[in-house]
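here you go, sequence then predicted model.
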Amino acid sequence: MQDTQLILNHNWLHNATRRASVADRLVECQRCFSAKEYEGLSITMMKSINEISFANFVDKLENESIKILDVREAWEKPQIEGDFVTRVPIRIIHECLDQISRTDELIVICQHGVRSKAVVEFLQGEHQYENLINLQGGVSGYSK
């Protein structure tokens, strides 16, 4: 009984020491990478993306010949109609790369700008697209 208790105490002490060691390392890592330093690190590691404001998007839509990649689902409103719009929902983007131009400048849109930004980052990072512009804030402002 005493041997068992000694072994249990030894295991508890060993595990407690190991947990403390892990905690110490986490604290040390936190000191090494403060939020500001980490932000800078992630920015330098990730290629920046081009973005356009909603006002500039509307101006281009009304006055210029533009191409749009709409990554929303078909039921989402407002719909932007025309032969200058390519619709590829984000959920199947990886299956439809052949439908996405690599030469024309494309403004990538979604409802609030989150999915379109993710698509731009994905296509630039994984498939080396260089012709994409994200619509900041999405088209939700279009219906206001």
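Structure received.

could you pull out the strands for the protein?
With strands called from DSSP state E, the chain shows them at 50-52, 67-70, 85-87, 106-109, 132-135.

possible to save these as TSV with mean pLDDT, mean neighbour count and distance to V119?
(Glycine included, C-beta is placed from N, CA and C.) Below are the strands of the chain laid out as TSV (pLDDT from 0 to 100; neighbours: other Cβ atoms under 10 Å; distance: least, Cβ to Cβ, whole Å):
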stretch	mean pLDDT	mean neighbour count	distance to V119
strand 50-52	95	17	13
strand 67-70	96	21	7
strand 85-87	96	16	12
strand 106-109	97	24	6
strand 132-135	97	24	8
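
take those and lay them out in CSV including distance to V120.
Below are the strands of the chain laid out as CSV (distance: least, Cβ to Cβ, whole Å):
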stretch, distance to V120
strand 50-52, 8
strand 67-70, 9
strand 85-87, 14
strand 106-109, 5
strand 132-135, 5
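
any idea which of the ones you listed gets closest to I93?
Taking Cβ to Cβ, strand 67-70 is the member of those nearest to I93, at 9.2 Å.

that closest one pairs with which strands, parallel or anti?
In the sheet, strand 67-70 lines up against strand 85-87 (parallel), strand 106-109 (parallel) (DSSP bridges).

how about these in a markdown table, adding distance to N50?
Formatted as a markdown table, the strands paired with strand 67-70 follow (distance: least, Cβ to Cβ, whole Å):
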| stretch | distance to N50 |
| --- | --- |
| strand 85-87 | 18 |
| strand 106-109 | 9 |
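
how long is stretch 93-107 end to end?
Terminal residues of stretch 93-107 are spaced 15 Å apart (Cα to Cα, to the nearest Å).

nice, that's everything, thank you.
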